[in-house]
Structure formats: C-alpha cells, structure tokens
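> need a 3D model of the following:
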Amino acid sequence: MGYGDEQIMNINERTLKYIVKTERVFKELRISCCLAKIEKSSVANIIEEAKRYLEDAKYYFKKREYEVSLASVAYCEGLLDALRMLGLIEFEW
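The predicted structure follows:
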C-alpha cells in the first residue's frame, strides 16, 4: 500500500466515524428551550438542514469521495454545535 492509499484509508475511517457519531446525535438530541425571538420551527428547520448534510456525507462516502463526505459531515456537526452553544438543543458527542 502506497502513501496515497494510507492517506485515503485515514480519511475514509475518519469520515465514517463522524457519520456514525452524528447519526447517533440525531437520535438522541432534544430541543431544550426556545427564546421568545426564536421559534421552535426555526430550530427544527436548522436540524433538518443538518440532516441533509449528513445524508450528503453518506452519499459521497458511498461514492468514495471522502473529502466531500468529510466536509459535509463537518458542516452538519457545525450546525448542531451552534444550536447547542445557543442552548437551543441538548446532546453530547
């Protein structure tokens, strides 16, 4: 196995790890509260957008486009982290 193959395996394994971890978060997360100016439906819309990024990550992973898959799942995690930092959802990585 050459250097390039080893690098691809690393991104492959890393991407799959992120996808599995993020799928678990979607199963466990709870919308904790909503501020007066932020409606629950707005939080739900952002969660749905994050789910679409996760689905993109899985799609590109199957196509062996690991860089795109990793970027997609990372964006998904960023949306979830932002909601959590705002205190709008609860979950643990």
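> quick one: pLDDT of Asn10?
If you check Asn10, the pLDDT there is 88.
> swap in the one 3 residues further on?
Confidence at Glu13, expressed as pLDDT, is 91.
> neighbours around it, how many?
11 (other CB atoms under 10 Å). Using the backbone N, CA and C atoms, a C-beta is placed for each residue, glycine as well.
> from Glu48, how far out is it?
Relative to Glu48, Glu13 is positioned 28 Å away (criterion: CB to CB, to the nearest Å).
> got it, and Val25?
14 Å.
> between the two, which one's more packed in?
Neighbour count, other CB under 10 Å: between Val25 and Glu48, Val25 has more, with 19 against 9.
> so the more buried one sits against Leu80, correct?
Yes: Val25 is in contact with Leu80 according to CB atoms under 8 Å; the separation is 6.2 Å.
> quick one: common contacting residues for these two?
Phe91 (CB atoms under 8 Å, 6 or more residues apart in numbering).
> where does the chain dip in pLDDT?
1-9, 33-36 (pLDDT under 70).
> what segments of it are strands?
Under the criterion DSSP state E, the chain contains strands at 30-31, 89-90.
> out of those, deepest packed?
Greatest average neighbour count among those goes to strand 89-90 (a mean of 17), per mean count of other CB atoms under 10 Å.
> could you point out the longest helix in this structure?
Scanning the chain for the helix with the most residues, using DSSP state H, yields helix 3-28.
> other SSEs contacting that helix?
Helices and strands touching helix 3-28, by 3 or more CB pairs under 8 Å, 6 or more residues apart in numbering; DSSP states H and E, are helix 40-62, helix 66-85.
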